[in-house]
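J.: Okay, here's the prediction I keep looking at, along with the sequence it came from:
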Amino acid sequence: MKTDVEELGPTRVKLTIEVPFDELKPSLDKAYREVGRQVRVPGFRPGKVPPRIIDQRIGRAPVLEQAVNDALPGLYSKALEEGDVLALGQPEVEITKLDDGKELEFTAEVDVRPKFEIPELEGMAVTVDKAEVSPDDVEEYIAGLRERFASLKGVDRPAQSGDFVSIDLAATVDGEQVEDAQASGLSYEIGSGQLLDGLDEALEGMTAGDSKSFTAELPGGAHSGEQADVTVTVHSVKVKDLPALDDEFAQAASEFDTLGELRAGTRSQLQEVRKLQQVGQARERALDALLERIDIPLPDKIVEAEIEHRTNNMIEQLQRMGSSLDDYLQSIGQSQTDFDADRQREARLGLKTTFVLDQLALQEDLGVEADEMSAYITDRARRMGVDPDRLAKQLADSGQLGQVASEVLRGKSMDIIAQRAKVTDEAGNVVDMQPPAAEDGADGEPDDDATGSDDDS
């Protein structure tokens, strides 16, 4: 087989493949067997009809066509390998010559990965946020912890903003009760603005047993957007009772025995979280810095396919939520034109990022080990809240393990970019790009039972 590769542009090639007829023999034999099973010829059992009889009865052309169609995928794959072509998407194939018994020739036009060089990574300047933890940060977290351990205590006074009330709500439109706008024994925080416009103002100054009416626009249901007469009845008024900030609270809210140990442990855990966030930020910003230094031509058809894929995914998500793209655009005040422009920018950036990370993985001769695949799937399962073994089986059954391997490789490429860059924080301090060992709860905020130094802060 002979393959010639012609560059039609920076991201598209035309392959001309010449195939000696002998290479079609396996497919031709297969085609005769399949046709032989379908035809009925007196004196021959199904599947045992000789090729010459098939040629006489139905002709050789249909058999030859079936053989060529069977052989093309394998011949095309072999041509890509021989021509060292990294194809994207489906090819446009044309049979240009079929000389029975002598030669098959066909062409295949296909988009390809753009050719480019990765610039020098060493010393690429990247600046990230500082990872310092201040005493105020520690106190802010402990204040949130107190909120979670707070209880509600009844008070005998008019309600005010920040109080919690138990209420009944009843709404009518044109004197008719709205069935889906009734509530009984509802707990509500005054000032949260989470229910009806005007409710917070109506509740302030009310005491247990009081009722009051006001007018509000219904946010949902059969009468969504209509003005309704709403009556609110207050059953109780309560305030949040925060636990005392002492050793007893530390013991109840964590594994620590003293408030000083809780503060020290919180500081240590916050510091670890900030460092993890700093490393993640460095990876993202190092990648952004590298992308700005590289200009890559992108295949138009692949960009269009990516835009369509992203848009369809969003539409499906909105449909699962009972909404539509038009409703979504209206809710965010965006036009269809601006939405389309955003999808195109995202698609082009996504493809460019993929090409750069894949090229770096090739240059660095990166590979994927079984334990790396397992760790990736386990982490993904944890985030999805599913069993890792079950997810691994689903990925294998759906043929997505190759995609997982690609994601692992791209992650390793991002690590290389960040590790070779010169990463400093806003104060000019060099950032250690080796992330601390992550523990449960260290992906955004400390655990309630954080561990740390026994020193008082």
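T.: Looks like it came in fine. Numbering: from 1, shown residues only.
J.: Glu255 falls within a helix, correct?
T.: No: under the criterion used here (DSSP: H, G, I helix; E, B strand; the rest coil), Glu255 is coil, not part of a helix.
J.: list the helices and strands the lengthiest helix in the chain packs on?
T.: Counting residues, the longest helix found in the chain (DSSP state H) is helix 259-292. In terms of contacts (3 or more Cβ pairs under 8 Å, 6 or more residues apart in numbering; DSSP states H and E), helix 259-292 is packed against strand 125-128, helix 135-148, helix 247-253, helix 336-363, helix 401-420, strand 422-425. Glycine gets a C-beta too; all of them are placed from N, C-alpha and C.
J.: number of nearby residues for Asp241?
T.: Using other Cβ atoms under 10 Å, Asp241 has 11 other residues around it.
J.: Burial check on the residue lying closest to it once chain neighbours are set aside, number of neighbours?
T.: Nearest in space to Asp241, with sequence neighbours left out and distances taken as Cβ to Cβ, 6 or more residues apart in numbering, is Lys153 at 4.3 Å. The local packing of Lys153 (other Cβ under 10 Å) involves 10 other residues.
J.: let's number from 13 now, not from 1
T.: Sure thing, new numbering starts at 13, so read that last one as Lys165.
J.: Assumed Lys165 was part of a strand.
T.: Yes: counting by three-state DSSP, Lys165 is located in a strand.
J.: Cross-check the contact I'm expecting between it and Lys250.
T.: Yes: between Lys165 and Lys250 there is a contact under Cβ atoms under 8 Å: 6.0 Å.
J.: Where does pLDDT dip in the chain?
T.: Counting by pLDDT under 70, the chain contains low-confidence ranges at 57-59, 446-469.
J.: which residues are contacting stretch 403-420?
T.: Defining contact as Cβ atoms under 8 Å, 6 or more residues apart in numbering, one finds that stretch 403-420 is touched by 370, 380, 384-386, 388-389, 392-393, 396.
J.: who wins for most neighbours among the residues you listed?
T.: Neighbour-wise, these (other Cβ under 10 Å) top out at Ile389, 20 neighbours.
J.: what's the burial count for the spatially closest residue to that one that is not a sequence neighbour?
T.: Closest residue in space to Ile389, ignoring its immediate chain neighbours: Ala404 at 5.1 Å, by Cβ to Cβ, 6+ apart. Under the neighbour criterion other Cβ under 10 Å, Ala404 is assigned a count of 18.
J.: could you measure Ala404 against Gln412, distance?
T.: For Ala404, the distance to Gln412 equals 10 Å [Cβ to Cβ, to the nearest Å].
J.: what's the answer for Asp209, then?
T.: 47 Å.
J.: same thing with Val285?
T.: 31 Å.
J.: Could you check which of these two has the larger neighbour count?
T.: Using other Cβ under 10 Å as the criterion, Val285 and Gln412 rank with Val285 on top: 21 against 12.
J.: Do a quick rundown of the helices in this protein.
T.: 37-50, 63-70, 73-94, 147-160, 211-215, 259-265, 271-304, 312-332, 337-344, 348-375, 382-396, 400-409, 413-432.
J.: Could you export those as JSON lines, including distance to Ser225?
T.: JSON lines is the format used below for the helices of the chain (distance: least, Cβ to Cβ, whole Å):
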{"stretch": "helix 37-50", "distance to Ser225": "80"}
{"stretch": "helix 63-70", "distance to Ser225": "86"}
{"stretch": "helix 73-94", "distance to Ser225": "73"}
{"stretch": "helix 147-160", "distance to Ser225": "33"}
{"stretch": "helix 211-215", "distance to Ser225": "8"}
{"stretch": "helix 259-265", "distance to Ser225": "42"}
{"stretch": "helix 271-304", "distance to Ser225": "47"}
{"stretch": "helix 312-332", "distance to Ser225": "37"}
{"stretch": "helix 337-344", "distance to Ser225": "30"}
{"stretch": "helix 348-375", "distance to Ser225": "42"}
{"stretch": "helix 382-396", "distance to Ser225": "47"}
{"stretch": "helix 400-409", "distance to Ser225": "53"}
{"stretch": "helix 413-432", "distance to Ser225": "57"}
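J.: Quick one: closest of these to Val138.
T.: Nearest of those to Val138, taken as Cβ to Cβ: helix 271-304 at 4.8 Å.
J.: Could I get the buried residue list for that closest one?
T.: 271-291, 293-295, 297-299, 301-303 (16 or more other Cβ atoms under 10 Å).
J.: domains of this structure?
T.: According to automatic domain parsing, the chain is divided into the following domains: 14-124, 163-253, 262-437.
J.: I'd like those domains as JSON lines, with distance to Val443 appended.
T.: Supplementary listing: these in JSON lines, determined by distance: least, Cβ to Cβ, whole Å:
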{"stretch": "domain 14-124", "distance to Val443": "35"}
{"stretch": "domain 163-253", "distance to Val443": "39"}
{"stretch": "domain 262-437", "distance to Val443": "4"}
